[in-house]
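Asker: Whatever this is, show me its structure:
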Amino acid sequence: MACNDDWQVAGRRKGAARRGKQASNLKQDSHQVSDCKPDKQKIINATNELRGEGFWMEWKDLLSERLLPGSSEQNGKVSPQHCVCYGLGHFASCASARYQLAMLLLLLETLQIPAGRCSVYDPVFSESEREALEELGFTVLTENEEGKRGVYHPTLFYLMHCGKALYNNLLWRNWTPQTLPKIIIIGNSFHGIQERMLQREFERDYSFLSNIVSACDETPLPCSPRFLDVFNDTALVRFPLENLNKLPECTWADPSEPLYQHCQDLEIIQKEKRS
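Answerer: Okay, here's the model as predicted:
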């Protein structure tokens, strides 16, 4: 990807989800290589800019209320101790990706998660981007997990505009009513994904998403008009045990690893397809 750091105010919300999808595909293009070095000052400026946005203050209040220990709403629910971020994209050259990185920094600060407990990965990262993330204190993964990460501690997954297969793989890898409550997602609305797909294709290709959508606790996260292309269709998604226990027992029987044989546009880079 050539260095293109232009930033424009987003227009009306109509088509925002579609533009977000296009942005996701662009970020996930394995043939694009960023030749730009990250500008630390731009990251700092983006973080400070978001910090002053009214919609961020709404995010902060909501997440503090629902996820931090001792909050009135939390009521025994898990608070994330670790964080995983997939699919960030070329934040050195892409303003949208840089704002998403800035938001991640604000989330870690608010939820009191040290940067060293946040693992980040995108197969398109350049070497200079990996180095910049390490300098910020992040743990930069070296293997493409395709979202198939097992969870052992309460973990926040930050998955902005990621492909549906990434969410589906994460659910498959942790497909028990004991483990799913440890997963907290800030990313695409599951209900939004369902609404934009034919139901038969949703059930056939992304069975874990389709089986869990009725049991997840989903809270839409607001956004200002200027940042619609960056944070549109974003939600806080949790999996309360009381909801999971209402699903039929057969839901949890022998989950087979997803293969996506019928998907022409998978929206993620699979590790076997990269040299």
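
Asker: Give me the buried positions along stretch 191-207.
Answerer: Applying a neighbour-count criterion of 16 or more other Cβ atoms under 10 Å, one finds 191, 192, 193, 194, 197, 202, 205, 206, 207 buried in stretch 191-207. Any C-beta I mention is one placed from the backbone N, CA and C, and that applies to glycine too.

Asker: okay, those in TSV with pLDDT, secondary structure and distance to residue 89 next?
Answerer: Below are these laid out as TSV (pLDDT from 0 to 100; DSSP: H, G, I helix; E, B strand; the rest coil; distance: Cβ to Cβ, whole Å):
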residue	pLDDT	secondary structure	distance to residue 89
191	96	helix	24
192	95	helix	20
193	95	helix	19
194	96	helix	25
197	92	coil	23
202	93	helix	25
205	92	helix	24
206	94	coil	22
207	94	helix	27
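
Asker: nearest to residue 168, of those?
Answerer: Nearest to residue 168 out of the buried residues of stretch 191-207 is residue 206 (Cβ to Cβ; 4.6 Å).

Asker: The residue lying closest to the closest one once chain neighbours are set aside: which element?
Answerer: Distances taken as Cβ to Cβ, 6 or more residues apart in numbering place residue 168 nearest to residue 206, at 4.6 Å, with adjacent residues excluded. Counting by DSSP states H and E, the element that carries residue 168 is helix 164-173.

Asker: continuing past that helix, what's the next helix or strand?
Answerer: Heading C-terminal from helix 164-173 (DSSP H and E), you reach strand 183-188.

Asker: so what strands line up beside that following strand?
Answerer: strand 155-159 (parallel), strand 234-238 (antiparallel) (DSSP bridges).

Asker: Taking helix 164-173 as reference, get the angle to the last one.
Answerer: Going back to what we said before, that points to strand 234-238. 10 degrees (axes from the mean of the first three to the mean of the last three Cα atoms, to 10 degrees).

Asker: which parts of strand 234-238 are buried?
Answerer: For strand 234-238, by 16+ other Cβ under 10 Å, it's 234, 235, 236, 237, 238.

Asker: how about the residues you listed in a markdown table, adding pLDDT and distance to residue 245?
Answerer: What follows is these, written out as a markdown table (pLDDT from 0 to 100; distance: Cβ to Cβ, whole Å):
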| residue | pLDDT | distance to residue 245 |
| --- | --- | --- |
| 234 | 97 | 28 |
| 235 | 97 | 22 |
| 236 | 98 | 21 |
| 237 | 98 | 18 |
| 238 | 97 | 15 |
